[in-house]
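[1] From the sequence below, what's the structure:
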Amino acid sequence: MSLKRPGDTCWSSHYGALVNLIHMFSSVIDVIETIIEDGLDSDQRAEANTLIGLLQTFEFMFDLHLMKGVLGISNELSHALQRKDQDIVYAMKLVDISKQRLQVMRDDGWNSLLEEELNSRFKNSELLLCVACLNPDNLFSTFNKEKLIWLAPFYPSDFSTVQVSFLDNNLETYIHDMWSIEEFSALKGIG
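    Down below sits the predicted model:
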């Protein structure tokens, strides 16, 4: 299996590329991390760093699985329309089937993905409580070092195991720094 460049006119090639990307995702991340460390120049390393950040977002993963689902539904139709000996009756039947499946997907096909992804990745409301610890209102009155340390391992591309062990001390320095800067006393939100 390898990542293929999708063709301009063949939807099934896009579907194949998405399926391959999903199956090889960890290997793709490993290669990009290698480029970040050993890239030819700073531009290449910076581009790889930006790319890895985008690939690891919830939005990218959701879009990747959404497009895989949509193109998977239309894959058989795509193959039928590209055959030289097209059976127009069969192709019309596949159009109807694809429309029905897309409607089912639209109505309720993403509930299980959203519930699974949001529950496992974000640990429900715990994430929101941890992020609230960074609110600068009232001289960072909601700051909670323990919650932020608990949150760090969920972002392994940002915090290595070693960096997490330093985080206790780093956060202590950070909050004292914020409390000592007069400009931060009037903050009312991140903006």
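[2] For residue 75, give its distance to residue 16.
    Look at residue 75 and residue 16: by Cβ to Cβ, to the nearest Å, they are 9 Å apart. Where C-beta positions appear, they are placed from N, C-alpha and C, glycine not excepted.
[3] whoops, residue 62 was the one
    As defined by Cβ to Cβ, residue 62 lies at a distance of 20 Å from residue 16.
[4] Residue 64 too?
    Summarising the geometry, the distance separating residue 64 from residue 16, computed by Cβ to Cβ, is 14 Å.
[5] Enumerate the positions of stretch 75-82 that are buried.
    The neighbour-count criterion (16 or more other Cβ atoms under 10 Å) identifies 75, 77, 78, 80 as the buried residues of stretch 75-82.
[6] Show me where this structure dips below the pLDDT cut-off.
    Low-confidence regions of the chain, defined here as pLDDT under 70, cover residues 1-12, 109-129, 188-191.
[7] same thing but 90
    Confidence mapping of the chain against pLDDT under 90 gives the ranges 1-20, 22-23, 39-40, 53, 56-191.
[8] According to the record, where do the domains of it fall?
    Dividing the chain into domains by automatic domain parsing, as the record does, gives the ranges 11-118, 123-186.
[9] So which of residue 62 and residue 16 has more stuff around it?
    Using other Cβ atoms under 10 Å as the criterion, residue 62 and residue 16 rank with residue 16 on top: 18 against 14.
[10] do you know how far residue 187 is from residue 136?
    Using Cβ to Cβ, which is the criterion applied here, residue 187 is 4 Å from residue 136.
[11] The nearest residue to residue 45 once chain neighbours are set aside: how many residues sit nearby?
    When the adjacent residues along the chain are set aside, residue 45 lies closest to residue 39, with 3.8 Å between them (Cβ to Cβ, 6 or more residues apart in numbering). Residues lying near residue 39 (other Cβ under 10 Å) number 16.
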